[in-house]
Structure formats: structure tokens, C-alpha cells
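>>> Prediction below, plus the sequence it came from.
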Amino acid sequence: MRITPEIRNILDWYESDNPGTKANLARILMEGRLGGTGKLVILPVDQGFEHGPARSFAPNPPAYDPRYHFELAVEAGLSAYAAPLGMIEAGAASYAGAIPTILKVNSSNSLATTKDQAVTGSVRDALRLGCAAIGFTIYPGSEYAFAQMEELRELSEEAKAVGLAVVVWSYPRGPLLDKAGETALDICAYAAHMAALSGAHIIKVKPPTDVVSLDAAKKTYESQHIDRSTLAKRVRHVVQSAFAGRRIVVFSGGEAKSLEGLYEEVRGLRDGGANGSIIGRNTFQRPKEEALAMLDRIIAIYQGKD
Amino acid sequence: MRITPEIRNILDWYESDNPGTKANLARILMEGRLGGTGKLVILPVDQGFEHGPARSFAPNPPAYDPRYHFELAVEAGLSAYAAPLGMIEAGAASYAGAIPTILKVNSSNSLATTKDQAVTGSVRDALRLGCAAIGFTIYPGSEYAFAQMEELRELSEEAKAVGLAVVVWSYPRGPLLDKAGETALDICAYAAHMAALSGAHIIKVKPPTDVVSLDAAKKTYESQHIDRSTLAKRVRHVVQSAFAGRRIVVFSGGEAKSLEGLYEEVRGLRDGGANGSIIGRNTFQRPKEEALAMLDRIIAIYQGKD
Amino acid sequence: MRITPEIRNILDWYESDNPGTKANLARILMEGRLGGTGKLVILPVDQGFEHGPARSFAPNPPAYDPRYHFELAVEAGLSAYAAPLGMIEAGAASYAGAIPTILKVNSSNSLATTKDQAVTGSVRDALRLGCAAIGFTIYPGSEYAFAQMEELRELSEEAKAVGLAVVVWSYPRGPLLDKAGETALDICAYAAHMAALSGAHIIKVKPPTDVVSLDAAKKTYESQHIDRSTLAKRVRHVVQSAFAGRRIVVFSGGEAKSLEGLYEEVRGLRDGGANGSIIGRNTFQRPKEEALAMLDRIIAIYQGKD
Amino acid sequence: MRITPEIRNILDWYESDNPGTKANLARILMEGRLGGTGKLVILPVDQGFEHGPARSFAPNPPAYDPRYHFELAVEAGLSAYAAPLGMIEAGAASYAGAIPTILKVNSSNSLATTKDQAVTGSVRDALRLGCAAIGFTIYPGSEYAFAQMEELRELSEEAKAVGLAVVVWSYPRGPLLDKAGETALDICAYAAHMAALSGAHIIKVKPPTDVVSLDAAKKTYESQHIDRSTLAKRVRHVVQSAFAGRRIVVFSGGEAKSLEGLYEEVRGLRDGGANGSIIGRNTFQRPKEEALAMLDRIIAIYQGKD
Amino acid sequence: MRITPEIRNILDWYESDNPGTKANLARILMEGRLGGTGKLVILPVDQGFEHGPARSFAPNPPAYDPRYHFELAVEAGLSAYAAPLGMIEAGAASYAGAIPTILKVNSSNSLATTKDQAVTGSVRDALRLGCAAIGFTIYPGSEYAFAQMEELRELSEEAKAVGLAVVVWSYPRGPLLDKAGETALDICAYAAHMAALSGAHIIKVKPPTDVVSLDAAKKTYESQHIDRSTLAKRVRHVVQSAFAGRRIVVFSGGEAKSLEGLYEEVRGLRDGGANGSIIGRNTFQRPKEEALAMLDRIIAIYQGKD
């Protein structure tokens, strides 16, 4: 399978990585209907851990079965599927080779007393399960951010040595951030930058609003005339903050909204230069046919056809 | 011993596990009077650690002797016997090959200053003692939940590599949960789901009440019309939460009650699709003959004869 | 499954072994139609390595498929199935829990330039494949015997620490032994004794003839009136040489002969106190129905019914 | 990428392997123009080590450049590319993700004083270079065969644990074998069988002639009427010897011959049920356009179009 | 210090190496008076180990002092200095940062009973001494060649992981090679190729004569019209054999000869595309001023000024 020039160009960004890691990035970037374009759509299913099974799967009961998500990702022609250990174990053999998988190696839950996460998977798990990458969440701003970054560092070093890629969910939260702050433009850009600085190959952040949260940052955003008037412009700033666009940045689905609102948001992401979307609840909480239709539209948007 | 189609089907759920782990699961599932049916009854004796010897064994003094429990499990035709290190060491040679054993590798106690557990057994212990599985308790919701999940992850990876099965006691507790919350339907389902996500082969939870505890979950349970009117329906929801029933889920004995109440509860578990019961105090705190009679009835219920 | 007194008695011989090893011995001894009697019939399929595939399987082509042998062992109600790595890997998941397996961890072949064997499996392989034991061949008398005994020692120590049993094929050969010597009574007895001294739990030797091979031994056999007039008496001497019968001794099928000759031989083994037979080519080179009929007779002989 | 039923069926043969190994086998089997058919053509370039650079590459000087071979494999739509460490290192980043690679981890050379090989690559090398498998040569029949099998065992266990596949070149040679013996039917079948017993996932042997080499085997080949009248029938016997066709068997190019002779041979391999060809010198010693035309024909033959 | 395009191009050859290894290669390639040209001259001082101190240093007694060689290399503006452990330890602090060093990690000596080498340095030594590379000698053709390649493999994997470069002295010798054979064109080309296949970054071979040594190779050299009429043409063939010139190849000084003869040889190396010279005895056995003058001429030749 010849790698397209677009993907060769992206792989060149990761110049310090070994060929194993590049090959796994290539597998993700060449997979599915967006394969070869440099755009990607990833299906993440860690909602069960975060919010419990009923809140995650009751709206579409077939989704209780882990195989449903593998099937959905393959059928929709997505780029990769990300989930915690048990979810991957429950389908990794049946779907061996069918879709690149990302082992989400830490997870939080709604019963937790602290805004931290538990490490629930290992690099060795990722290898034995045939995963292309590990996924790890950091909460910049939380009391646990430093400890999380240190866990990430260890797992990431180990993963890179054996040719795996590293995907970082960078979700700011903590005492200095109110709800609006968590998705503020300066904070999203900062979150993407910290993930890049921590050595992430693929960075997941939330779509930024036009808020600027940190007082210390406001002056810069004003004086430098950083345009935050449209989502596309804000996304461009976040992507720029990830090494001038030389790291893959994907965005989560954002706030609940109508389908048209979602498509409009994806157009904004695309126009801002995002590499793609990582979209969970919006996907698996709909009946499969609706989910496939929605993903078809999102893919069409990234293909520039919509 | 030919494996029955029911058990072959269950083993297929564990598609990422090596044949060693599958063989140990098969040993448990083919053992005893329920062997081959896909149902199982496990005898757990970790009460001594949890509540002290007198509270555990004084009601039936022969139970002070660890061999009593091996004998009881064998005589009753149960599926497996689970206990901490010392209890297993005290009978493992006498009962070698007579009953699959589960080494409970962490334990709490009533003198503890924290709601945590100590790791008191190892995978190597499990191998030298001929155990089929390790058992591990997590307390989702406690301040120690993340640390426990990380201990589980390490022990579990090690156990799976050498062909052992992993049984997880998932017992929610902690600051966000009141007494009613610990057995609430949403919490039990969540506990089962988190154990499954952590890679458990067999999951032990408590029978759920019709309470929904988390505010964030109430809307879902209402809007999705999750039926919690009978124990059977609630159990079905918990089982569904364990990968659409593709993980073995067993239930503890629940609140103290009359024998008839217990049988009625077991009927509910059975009708809800539970894989079985794990029942300790109710068993070993009775005189042996009564315990055997009771287990006989429970087995008959799982056989659909009662 | 209650262990029978006969098996409890046998397990007591292995008083220095941990419960894991005892449990695995119990699994073998309680399995199949001879389960619980202290007698056993094992199916070994290492002929392909030793003599090549056509000489092994062409007489009964279904036997080219590794699953055939698992199936045969289960269907005939045998005690265990022994084979090299690839053969076990090819069926261990399908037959997980259905029959105790013995991973033959060294093997020779007909193209070899030396009368040695290669180590082709490990204790870790045995664990991940769910085996009850490892099997190892030594050639007492060969130039490689000391090296083989040292390999056995290492593998055996490792196996015992993780609760596996150790089966030793003790096949004398080498410069001091002519063809007749290899099955001479003194040599078979010596071979069994060396295996026992090396720490074997189960010892496989060939049925002894009435020859006494070593000059140094002849005087003793004469002066001590060691009766070698019948196979039963010779077998009794071999069994006695394995720690006064306190180690399990099984015998291979011996020279090609008629079925009636084979049954007569098995009667001799039984009457001499052998624990059983380990019988390969005679089994899998016949059409399955004939093999099952033959094994049925052999089992009947060990049950004392024939 | 949905795995085809043909490949799913093949993956089921490897029931004891983890999903990582299955995924890597799937990658090879789904790659290139034969992807999904269960047939495969592999390009091996270890000739430089075996015969020196001039004898390997002077007939087609662009082939001195390691990138040439990656390019050729991709352009021809082959299934995988196999080479020693330096060759893989020289192109693994440029072709990351473009073609599954097999790291040949041992190699011989024409200056060697013994018929052995040196281990020149590791499992860790394979991971950092993004390889799908390791490749290892054994010489059954040589004085080094046992040592090689033991090296294979160690590397193989390590590779399987981290989700790599294992390809074994099984090339009989040694004091008991004359030139005709090395490709005799009984010897090729035996070589394939020993590789399977050693735990290989993919087995490479030479096309068998109608010679039967071992005296001990001649009687069987006669009495069992093993048909060796055509290449197809001989190949069928070799494939049968690899676990009744439940291991992937590929054949090398055999003796130098005309192109038509080569195509005729490939038709024989195909008709005999071979999984494919592994064809080096015949490929890279021709000008690229000729090589592509030749590979196009070979692929067409495996597609049943020629 | 901006890396020149020539060096950037060379670093691109090493596409699977990490930036640490690339940086160390860059340090050597940018050092001294040839820095940035892609040419290099290395001073190796392992003569003392090979031939004893008097034969090595008595002709120029200041050379007994290890600091002399550091000083000479710096003063002459060379690219790197290579020596065994003790020699490096004796000057590494004084000349820290002054000249890239190559720790020669194996060595032979004239008292040796076998044509092997001892490993006398480690990767950790190289790090603590600030070396840019390790150096290792293999003797293709010797009885120890396979063992040496395996030692190289281990050291090389370790060195690359910590960002060191690997220099391989590939010196054919052994039973199949007479004196003429050791420097025959086919053998030198083969030696360079085997070093490249083993993963070397820099390869040292001897200047080839016009002899073709291996009978099996003669036909190719004739039929392919490989021109061996001048040293330049022969060198070109050797360089081509090192991955079409995509590995750095340096040549030793060859047979004793006049200064003019030496310069003429270096012109041949240069014209054939060699990357440079590695020249020991000819250097340090002269008075320093003479050595500096000689090196000045050699550098001028590589600069194309002579």
C-alpha cells in the first residue's frame, strides 16, 4: 500500500521517532475512508468508564456489546478505535487487523473522589492486543497534573521504544479554571501545546470557544490581535500552538447540539486545519444506521465534499 | 472431559486470553454439580480477614479449621473456593485437584484505619498453590480506588501471562455513596462495568436494589425506561452492563434474610441471567448439614428445578 | 470432584512438592475412564518430530491434523495428551480444559547427526498453554546424557516452582548399549531409577526383556534371584526401582506386535504393578474406530475387567 | 479494512496466539494484490548475506540500494518484504506502513566455516523497525540443527509475547543428506513438519522433487501410495505435513529455470494448495520492469487467472 | 554550527536511527579540517593491543603516551580518534570535547591462541568517556565470525538505543581465505556488505586488490564486467556494495609503502568514492612533524587540492 504524499509529509514531522512508531501512525492515517488524506476520524469508547454503562449505552442498547464498536468503526470506515483494556480484549481477536486500535491506558470514573485517573493498561497489553497506540489523559490545571505528566512520560518512553504511537487527551480542569475556562481559547491552545511538549504524537483537545481565560494571557491575545471570531480561526490558533501544525490535532465532539450544529462545527474544525475528529457519544448513542449516516456526512466534510 | 457447548460458548467471550486462562476458566465452569451449565456457585471465605474470627466462625466453630471450607465446597459440589493466602495454604495439599481455588490476593480488616486493602498474595503464590485464579477487590468510589485499580492492573497482567483467571470483587463505597448508594442499581451496574473494563474474567457484585443513586444517572434511568421493578430485571441490567453479558457475573448473598428470602433472591438472580452466586457467611455460619441442604436448594434453583 | 483414596495415596508419595504440582498430578490421575483408579493411559504424539510426518500419519491421514489427537484422547477417555509445542498450540484453545496436556519440551529427529535432543518448549509455554506438566526425554548412556540431565534439572526446578508436574521419558542408548541392552531388565530398571533420582513425577520407560546387559550387574541379578521369568515380574522389578513403587511409572507400547500381543503385554504391565501405558503409534496409526476399540480394551485391562 | 472470510479462517488456525500476532498475520495476508485471498507472495532479500553483493546484485545494479527492494515490493503489490537488519534499517522509515516487513534475524554467509547461522537481529529490533514478523532459518540435518531450534525457541517465545509473527525457513542439509536429499519429498515434508512443531506461523520450504531420501521412509511412501507424480501432488503432501494445511506454507523459487518453467512451477504450487511463493533472486536480479511483469504473472496464477 | 548539505544528505541515509546517533555521526562528519565535506580521516590506535607496545611505539617513543594521540588528532584536524578502553581513559578528560572518540570495544593480540577478539569495552564505558561511537572488529571467514556477529548485534543494539554510532572493522580471514584472498575485491566488497547488513553506520575495510578469490564469484565478476582495473574502480565497487554508497565506508592504509605510494592510494580511494581513510601506524610511527605533514597532504587530497 503506497503511502500518499500527504501522509509522508505528516510522518516527517515525527523525525525523532523510530520506524515502528511511524508505521503505526501510518496505519492510522492510511486506514478507512479518509485514509491517505491526512484527515482522520477516531471512535473513542471510554464513556462507560467515565459516566457508567447506562448513561453511555442505554440510548442504544446494542452498544453494551464491545464488538458493536469495532464493527461500527470498521463499517463506517473510520481511522481508529480507542477504548480501555476490557473493551479491547473483548474484540481484539475477532477484529485483528481490521482497524487500528488505541489502548486507553488511564481512565477516570464518576464515583472518583479526586479528579485523577487510574492507569488501567500497559504497553505490554498494547503489544499483545495488537494496538497501534496507547492513549493517555492529562488534566492540565488539576492537582494531579504533574503526577499524570510523569506517568505519561514513563508510558510514553516505553511505548516509543517498542514502536507504538502515543495519543494524549489533554483536558484542562482544576481550581484555576471555571467551566468556561476549560474550553477557553487560550486554555485549549495551552493544553495542545503541553501535550505536544510532553511528546504526544496525536493530541486530542476540545473545540475552543472565544473566551480567553487567564488574565495573564488576555493582554497578549488583545495586543497580538489573535483572531477568535470564528471557530475556524480559533482552531487554527490551537493547531498553530501544536508546533505550528506539525503535530496531529483532533478535536472532540464538544457540547451536545443538533446534527446540523455538529456538521457546522466539523466544517469549522476542517477549515481551521484540524486533522480530524474523535467523536464518541454522538456516534454510539444513536441507532447504528443513524450513526453511519452521521459519520458519512462528517467524512464527506473532511473530504471537502460538504 | 468433554467441554459442553454452553461452556465453549462462554470461553469464546475471552477471545484475547491464552489457552491457559481459558483452561482455568473451563475448570471452574465444568466443576461440581453445576459443571457444564454455565452457572456456578463459589464459596468465598475472606470473612475472617474482614470481620475477625469470632464474628465469622463462632456461630459454627468447625469453620475455624480451614479444611472445613475445602470439605464443604467439595461435598456440596460447588464450582470453586476462594480465600486468602493462609486459608489456601492450610488445605491446598490435602485438597489438591479436588476443587478449583481462587487466591484472594488483597484483603481489608476491621482494624484498618483506611478503607483500603492490603495485597497479601501473589501470582506466584497462586501457581505454587495450584489455584485456577486470583481474586482482587476494588472499592470504586473510595479514595483508594485508583490505586487499587492500578494494583489490579499489574497483578492481572501477570496472572494472564501465566494462564490464570482473574476474579474481581467490585464493591462500591466512598464519600459520594451512602449505604443505599452502595447497592443502588446504577452503582452495581457501574461497578460491574468498571471491573469488566479493567479486564476481569469473573465479576462479583452485590444484588442491586431499585435505588438509582447518582443524580447524573437518574435522568437516563427514567428516560430510557430501564425497568428496575424486579430483582430479575435489575440483575439483567447489571449483566448487560458487563459487556452485554459477555463476562461472567456472580452475585454475593446480599442482606441477611430468611432462607426462603435467600432462595427467592437466587431465583431472581437466575431469572435475570446471572451466572451464579458467591455466597460465604450464609453458608459457613450454619451447621454443615444445614449448609449442605441450603446449597442443594440453591444449586437446584440454578438448575431450573426449583 | 472428590479425590479417591487411591489418588490421595499416590499424591502422598510426592510429599516435597507444592500443592500446584499435586493438583496437576491429581488432574491427570482423576481424568478419563481410569480417573481415580491410580492407573492411567497417556497419548503421546511426538512421532512426527522423531520419524517425520509420513511415517507417523500416512497410515491414518486424519492424524495429520493436530486436533485429531486432542479429540481422540478426549473421546477415548484417556488421562492426558503429550506433544511438542506446535501440536499443543494448534488445539490448546479449542480443547482448553478438556484433557490434561503435557508439553514435550525436548525433541529429536531422524535427520539429527547426534543422539541428542533440542529443547523446543519452555515452562512459560506450558503455563500459557494451560498444560499440567512438561515432558522431557533423557538418553542415559549417550554422550549427551549429562547435558540432558542438567537441562532437565533446570526445567524441572522451574516447573515445580510454578506448580507443574514433570514427566521424564528415560530411554537408555549409547556406546555401551547394544540393541538388546536398551530394553534389558537391568537397564530399564536403572533408567527408571535415574529418572526418579532426577526428580521426575511420572516416569516413562520401555517394557523390559529378560536380558541383563551390564556385566557388572549380572552377578547381582543371579545371586539375588531377581525373578525375570515373566513380564509382570520384570515390571515389578522396574517399578520397585522407582522408589519402591512410590513414583508413577508408565510403559511405552514396545515392539510392533499383534493386537492380542499388545493386550497380553498390557496385562503383564498391570500385573507387575505398572501405573499405566503411554501409547502413541499403536493408537493414532489406526482408523479412529479401531483405535477407540483398542483403547477400550486396554482401559478394560487396567480396570481388571479383561 | 474488513478482513475477508478466507483470512478469518486462516487466523483461526492460530488459536493459541494473542491478538497482536493475529493482527500481524492479518496485515501480511490482507496486503497487496493477493490481499484477502489467503495466497501471498513475499520478497526475501538475504542473498547479499548468503552469496555476497556482486553475485546478488550485479546482474541488476539498482538492487544494491536497499530502498529498491521496498519499492519493488510495494510497486508489485506483494504481501511482505523480508531482509536482514541493515537492509530493513536502510528503508524502514521511508516505507513505514507501506509494506509489512519480516526481520530476518539469523543469517549465514559464503565465507562461513560451518553450516550454521549467526543471530544478527532481535525481537526489539523488529519492534523498533515496525516489522510484522521475525524470520529465522533452521537447517534440519546439520550439526547445528538442535542449537538453531533452541535459538528459534527463545526468539519465538519472545516474539509471540509482544504480538509478532514467526516465519521459519526450514532448509534441510547436513551429513545424512546429499544434494538430491535436500529437496526430496520426504525431506521437504519433514522440514515443514518440524517448523510447524517448533511453533512457526509461516513456513518456507523448497519445492519438493519426487525423490524419497530416507531409507526408513521409503517403505511408507510406497505402501501408503503417497502420490508424488506431479509437483501439485507433492506440494499437497508437504502442505498436509504442516498440520493438515493448518499452517501457512510458502515455497521458494527452486532451481534456476526459464520464466515459463517458473510459471509452470507456481501453477503446481497453487494446485497443490501452497499458500504462496517467497521468491528472491528470480525477482531482483532482473530489470525492474521485467521483475514487475514476472510478479504480475505469478500473482495472476495465484488468482487463478493464468 | 550549521550542518552542511553534504552532511545532511549523509545523515538521511541513517533513517532508522535516533537523533542521538545522527548527532554523533554529525559530530564526526563536521569535525576537523574535512568537517562538512562528507570526507573524513580517523586516527586508530589499537596497534598496541594487536602487536605489542614496542612494535607499535618504539619507532616514535612519544607515542607511548596516550595523550600523544589525542594531541596529534586534534592538531592535525582529524575527524575522530579510535582506541581501546585504557587509551581513551588516559586522555578523555584532558581532551573532553576536543575530538570525537570511538571506543574500540573488542581487540585481539599477538599472544592469542585463536583468531578471535576479546570484548574489552562496553557501551556504558563509551557513554561515561564521552565517546561518539563504539568500534567493533569482525573476521568474516573465521571460525569465530558467527560469534563475533552475535556480539556485535548485542553491543550495536545497545549502542543505538543510547544514541551512539557503530563503526565496524570488517577484516576477512579464515580457513577459506589465503593471504591474497583477504584483500581480494570480491572479499572486500563482501566484507563491507556484511558489515552494512549487520547494521554498521561506518564501515572500515582494506583497499581491495584486483584479485577475485571465491570460485563461486568469479563467474559473476567476469560476466557482469565488473571493472577492477584501477583502485578507484575497485573502491567504487566496494562502496556500491555498502548499500549503493549509502553507508560511510573508510579504508585502512593498506600495505607498507612509500609516502608517495600512500598519497597515490588515497587519491584512488577518493576517486572511487570512499568516504575517507582510517590510518594508524603510518601516522603515529613517524615523528610528529612528519606525521602532521603527511596528514596535511592526505587531507588536501580529500579536499581535491592534490
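Structure received. Since this is a predicted model, take the numbers as computed values, not measurements.
>>> So which bits of the longest helix along chain A are buried?
The helix that spans the most residues within chain A, counting by DSSP state H, is helix A:145-161. Buried residues in helix A:145-161, counted by 16 or more other CB atoms under 10 Å in any protein chain shown: A:145, A:148-149, A:151-152, A:155-156, A:158-161. For every residue, glycine as well, the C-beta is placed using N, CA and C.
>>> okay, these in JSON lines with distance to chain C and pLDDT next?
Shown next, in JSON lines, are the buried residues of helix A:145-161 (distance: CB to the nearest CB, whole Å; pLDDT from 0 to 100):
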{"residue": "A:Ala145", "distance to chain C": "39", "pLDDT": "96"}
{"residue": "A:Gln148", "distance to chain C": "33", "pLDDT": "97"}
{"residue": "A:Met149", "distance to chain C": "35", "pLDDT": "97"}
{"residue": "A:Glu151", "distance to chain C": "28", "pLDDT": "97"}
{"residue": "A:Leu152", "distance to chain C": "30", "pLDDT": "98"}
{"residue": "A:Leu155", "distance to chain C": "24", "pLDDT": "98"}
{"residue": "A:Ser156", "distance to chain C": "28", "pLDDT": "98"}
{"residue": "A:Glu158", "distance to chain C": "21", "pLDDT": "98"}
{"residue": "A:Ala159", "distance to chain C": "23", "pLDDT": "98"}
{"residue": "A:Lys160", "distance to chain C": "27", "pLDDT": "98"}
{"residue": "A:Ala161", "distance to chain C": "22", "pLDDT": "98"}
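>>> ok, which of these also contact chain E?
Restricting those to those near chain E by CB under 8 Å from any CB of the partner chain leaves A:Ala161.
>>> And the buried residues of helix A:145-161, which is closest to C:Ser56?
The shortest approach to C:Ser56 among those belongs to A:Ala161, at 43.9 Å (CB to CB).
>>> what's the burial count for A:Gly91?
For A:Gly91, the neighbour count with other CB atoms under 10 Å in any protein chain shown is 27.
>>> Check the nearest residue to it once chain neighbours are set aside and give its pLDDT.
Nearest residue to A:Gly91, sequence neighbours excluded (CB to CB, 6 or more residues apart in numbering or on different chains): A:Phe70, at 4.3 Å. Looking at A:Phe70, its pLDDT reads 98.
>>> Could you do A:Ala217 as well?
94.
>>> before we move on, what SS does the nearest residue to it once chain neighbours are set aside have?
Spatial nearest neighbour of A:Ala217, chain neighbours left out: A:Asp186 (4.2 Å); criterion: CB to CB, 6+ apart. At A:Asp186 the chain is in helix, as set by DSSP: H, G, I helix; E, B strand; the rest coil.
>>> number of nearby residues for A:Pro62?
15.
>>> For it, give me its contacts.
Neighbouring residues of A:Pro62 by CB atoms under 8 Å, 6 or more residues apart in numbering or on different chains: A:68, A:288, B:244.
>>> Quick check: the spatially most distant residue from the centre of chain A vs A:Val212, distance?
Most distant from the centre of chain A: A:Ser223, at 31.4 Å, with distances by CA atoms, centre = their mean. According to CB to CB, to the nearest Å, A:Ser223 stands 12 Å off from A:Val212.
>>> I'd guessed A:Thr183 sits against A:Val211; true?
Yes. Here A:Thr183 reaches A:Val211: they are 7.3 Å apart, a contact under CB atoms under 8 Å.
>>> and A:Glu50, that's in a strand?
No. Checked against three-state DSSP, A:Glu50 lies outside a strand; its state is helix.
>>> Secondary structure element holding whichever residue of chain A sits closest to chain C?
Closest to chain C within chain A is A:Ala93: 10.0 Å, counting by CB to the nearest CB. In the assignment (DSSP states H and E), A:Ala93 maps to no helix and no strand.
>>> The residue nearest to it when sequence neighbours are not counted: how many residues sit nearby?
Of all residues not flanking A:Ala93 in the chain, B:Glu15 sits nearest, at 3.9 Å (CB to CB, 6+ apart). For B:Glu15, the neighbour count with other CB under 10 Å is 21.
>>> And B:Glu15, how far from C:Ala54?
35 Å.
>>> Check A:Gly52 too.
Distance from A:Gly52 to C:Ala54, by CB to CB: 60 Å.
>>> In this structure A:Glu265 contacts A:Lys257, no?
Yes. Counting by CB under 8 Å, A:Glu265 touches A:Lys257, with 7.2 Å between them.
>>> out of the two, which sits in the more crowded spot?
A:Glu265 (21 against 13).
>>> can you dump the C-alpha coordinates of the helix or strand harbouring the more buried one into PDB?
Assigned by DSSP H and E, A:Glu265 belongs to helix A:259-271. Extracted in PDB, the C-alpha atoms of helix A:259-271 (Å, rounded to 0.1, in the frame of the first residue of the first chain):
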ATOM      1  CA  LEU A 259     -26.800  17.200  13.900                       C
ATOM      2  CA  GLU A 260     -26.600  20.300  11.700                       C
ATOM      3  CA  GLY A 261     -24.800  22.100  14.500                       C
ATOM      4  CA  LEU A 262     -22.300  19.200  14.700                       C
ATOM      5  CA  TYR A 263     -21.700  19.300  10.900                       C
ATOM      6  CA  GLU A 264     -21.200  23.000  11.100                       C
ATOM      7  CA  GLU A 265     -18.700  22.500  13.900                       C
ATOM      8  CA  VAL A 266     -16.800  19.900  11.900                       C
ATOM      9  CA  ARG A 267     -16.700  22.400   9.000                       C
ATOM     10  CA  GLY A 268     -15.100  24.800  11.300                       C
ATOM     11  CA  LEU A 269     -12.600  22.300  12.500                       C
ATOM     12  CA  ARG A 270     -11.700  21.400   8.900                       C
ATOM     13  CA  ASP A 271     -11.400  25.000   7.800                       C
END
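>>> Now tell me what touches that helix from outside.
Helix A:259-271 is contacted from outside by A:39, A:207, A:230-232, A:235, A:251, A:253-254, A:257, A:276-277, A:282, A:294, A:297-298, A:301-302, A:304, A:306, using CB under 8 Å, 6+ apart.
>>> Buried members of these into ChimeraX, please.
In ChimeraX syntax, the buried subset of the contacts of helix A:259-271 is picked out as below (16+ other CB under 10 Å):
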select /A:39,207,231,232,235,251,253,254,276,277,282,294,297,298,301,302
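>>> how close does the closest residue to A:Ser56 other than its chain neighbours get to C:Leu85?
Once flanking residues are discounted, A:Ser56 sits nearest to A:Gln47: 3.9 Å by CB to CB, 6+ apart. From A:Gln47 across to C:Leu85, the span is 42 Å (CB to CB).
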